[in-house]
Each structure stands twice: as C-alpha cells, then as structure tokens.
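**Q** make a model of this:
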Amino acid sequence: MISSRITLKVQSVKAVRDPENREAFQIDFAEVRSKPPVVMMSNPEVPEEINQMVVQVTKSFQGIFPGAQGPTYEQRKLTLILTGEELESFGMKPYPNQLYELSISEGALSFREV
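**A** Purely as a prediction, here's the structure:
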C-alpha cells in the first residue's frame, strides 16, 4: 500500500457555477515544499580566502532577490470545484493562505487542517 502526504496552501477560493449550473466553489491549492540546499562550487585554482569571499558575496545577493527569502516555496498543485454539500463532506472551510495536509491512500483523498 502506497500512501502520500502533501502540505497544501489555499491560494484562492472563488464562487463559480458547475457544468449543471449549480453554485460551487473553486479552490486552488499550492504545494508547500522545502527549498533544496544551495550548492556552491569553488575554483581550486583560486586562493581559499578569495573563494570564501565569493561564496559570502553570492549568498548575500541571493537574499536580496524576490522570492529568495524563506525556507520554502510554493508550486501550484490542485484545483477543486465543489458544491457546498461536497465541501461539507470533506469537512473543509477553506480560506486563502490556510494550510491543509492532503493524504492520498488506496485511491482516497482526505484533507486535514494544519
């Protein structure tokens, strides 16, 4: 049995109509992932002091760029369009920036508020 757990953040919640013209909610989720560690390579032909200085300068510039802050990043993952009844069945009351843990096991999806 393979199962997965994914941390999701609600990006947006919109009122929409489903194909049968019923009132529904469109919920866009993004997966919250840890950023991989940054690997810095130094030139063996350059003195060690200069290599250390280059690494420090490079790291300081990385903190300035947009999106560089924080140990995580977000990747768009899932969009659900659910009626009010379906939303209640999941036990969800989503609002933007709310975190959920999505468990996928044996073909079933379950959401747990974090």
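
**Q** pull out the buried positions in the biggest helix by length in the chain.
**A** Assignment by DSSP state H gives helix 48-62 as the longest helix of the chain. By neighbour count on 16 or more other Cβ atoms under 10 Å, the buried set for helix 48-62 is Asn51. For glycine as for every other residue, the C-beta is placed from the backbone atoms N, C-alpha and C.

**Q** ok, now stretch 81-99?
**A** Leu82, Leu87, Met92, Pro94, Gln98.

**Q** any idea how far that stretch is from the chain center?
**A** Mean-position distance between stretch 81-99 and its chain equals 18 Å (Cα atoms, centre = their mean, to the nearest Å).

**Q** check stretch 71-88 too.
**A** The answer for stretch 71-88 is 11 Å, by Cα atoms, centre = their mean.

**Q** identify the residues contacting that stretch?
**A** Contact with stretch 71-88 is made by 6, 8-9, 11, 16, 18, 22-35, 67, 90, 93-94, 102, as judged by Cβ atoms under 8 Å, 6 or more residues apart in numbering.

**Q** how does it look with 7 Å?
**A** 8-9, 16, 18, 22, 24-35 (Cβ atoms under 7 Å, 6 or more residues apart in numbering).

**Q** buried ones among those?
**A** Listed as buried from those are Leu8, Lys9, Ala24, Phe25, Ile27, Asp28, Phe29, Ala30, Glu31, Val32; burial here means 16+ other Cβ under 10 Å.

**Q** with just CA atoms, put the longest helix of the chain into CSV.
**A** Output of helix 48-62 as CSV, limited to C-alpha atoms (Å, rounded to 0.1, in the frame of the first residue of the first chain):
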residue,chain,number,x,y,z
GLU,A,48,40.9,29.8,-0.4
GLU,A,49,40.3,33.3,1.0
ILE,A,50,39.0,34.6,-2.3
ASN,A,51,36.8,31.6,-2.7
GLN,A,52,35.2,32.2,0.8
MET,A,53,34.7,35.9,-0.1
VAL,A,54,33.0,35.0,-3.4
VAL,A,55,30.7,32.5,-1.5
GLN,A,56,29.7,35.1,1.1
VAL,A,57,29.0,37.8,-1.5
THR,A,58,27.0,35.4,-3.6
LYS,A,59,24.9,34.3,-0.6
SER,A,60,24.3,37.9,0.4
PHE,A,61,23.0,38.7,-3.1
GLN,A,62,20.7,35.6,-3.0
